[in-house]
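A.B. asks: Need coordinates for the following:
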Amino acid sequence: MMKIMDKLRHDESGSAITEFALTLPIFLTMIFGIFEIGYYFYLSTAIENAVLSASRFGITGGVLDDAIDRETQVRDIVLSQTFGSLDPSALEVETRVFEQFSDIGEEPEPFVDDNGNGQYDAGEPFTDENGNGQYDDNLGEAGLGGSGDIVLYRIVYRGASLSGIGDLLADGYTITATVAVRNEPFPVSDEEEDSSST
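C.D. replies: Next comes the predicted model:
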């Protein structure tokens, strides 16, 4: 019996597979982590580039296709600039028009909180600072604006992680990119002229 115990104590066969089994999960976690971080930075850079490209198109007031509105064309530019990496259903493209750069990020329009719940509810009195006849929690108006207007482009992407491991720890990625620009002077289309005169 002692000979068998002594033999087992000095037997090193199978130690490599045991060490491999212990280190494999750590190694795979590191590899997946490197891919996830790389993918996140790739998406972040691609979305930042996409919002800049979309704003460059938007400031000119031009259209690529007369059958498609400018907002849809801006969204298409964002998708094409990210090389098919984004799920279109998880992409939000918001454009808001402001009178001046200092209005961006301003507090919501002031209101009287009649019921004391800390938020605006329909029917409560408010100060209509931008004169559009409705309460706004953001002073900008939706749209791409006209000649010389200041436009804020904001992209929010809520996508799944590359390997699925990131979805277990969090709810995927949320990447936001924003840029504010002033539109170039461009000729006003007949459509815009009709809507501004009414």
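A.B. asks: how close does the residue positioned nearest the centre of the chain sit to residue 65?
C.D. replies: Geometric centre of the chain, nearest residue: residue 156, 1.8 Å, by C-alpha atoms, centre = their mean. Separation of residue 156 from residue 65 (C-beta to C-beta, to the nearest Å): 25 Å. C-beta here means a position set from N, CA and C on the backbone, and glycine is covered the same way.
A.B. asks: likewise residue 139?
C.D. replies: From residue 139 to residue 65 the distance is 31 Å (C-beta to C-beta).
A.B. asks: Just say helix, strand or coil for residue 7.
C.D. replies: Of the three states, residue 7 takes helix under DSSP: H, G, I helix; E, B strand; the rest coil.
A.B. asks: next one: residue 78
C.D. replies: Taking three-state DSSP, the label given to residue 78 is helix.
A.B. asks: what number of residues lie near it?
C.D. replies: Look at residue 78: counted by other C-beta atoms under 10 Å, it has 25 neighbours.
A.B. asks: Correct me if wrong: it contacts residue 91.
C.D. replies: Yes. Look at residue 78 against residue 91 with C-beta atoms under 8 Å: they come within range, at 6.9 Å.
A.B. asks: Pull up the overlap in contacts between these two.
C.D. replies: Contact criterion C-beta atoms under 8 Å, 6 or more residues apart in numbering; residues shared by residue 78 and residue 91: residue 155.
A.B. asks: circling back: more crowded one of residue 139 and residue 65?
C.D. replies: The residue with more neighbours, out of residue 139 and residue 65, is residue 139; 20 against 9, by other C-beta under 10 Å.
A.B. asks: still on that earlier bit, residues touching the residue nearest to the centre of the chain, list them.
C.D. replies: Taking C-beta under 8 Å, 6+ apart as the definition, contacts of residue 156 comprise 91, 92, 94, 174, 175, 176.
A.B. asks: So which of those is the closest to residue 160?
C.D. replies: residue 174 (11.3 Å; C-beta to C-beta).
A.B. asks: OK, contacts around the closest one?
C.D. replies: 156, 157, 158.
A.B. asks: Now with 6 Å, please.
C.D. replies: By C-beta atoms under 6 Å, 6 or more residues apart in numbering, the contact set of residue 174 is residue 158.
A.B. asks: For it, which three-state class applies?
C.D. replies: Secondary structure, three-state DSSP: residue 174 is strand.
A.B. asks: tell me what the helix of greatest length in the chain is packed against?
C.D. replies: Of all segments of type helix in the chain, defined using DSSP state H, the longest is helix 15-58. With contacts defined as 3 or more C-beta pairs under 6 Å, 6 or more residues apart in numbering; DSSP states H and E, the packing partners of helix 15-58 are helix 70-81, strand 150-159, strand 173-182.
A.B. asks: In the first one, which of the residues would be classed as buried?
C.D. replies: Buried positions in helix 70-81, judged by neighbour count with 16 or more other C-beta atoms under 10 Å: 70, 73, 74, 75, 76, 77, 78, 79, 81.
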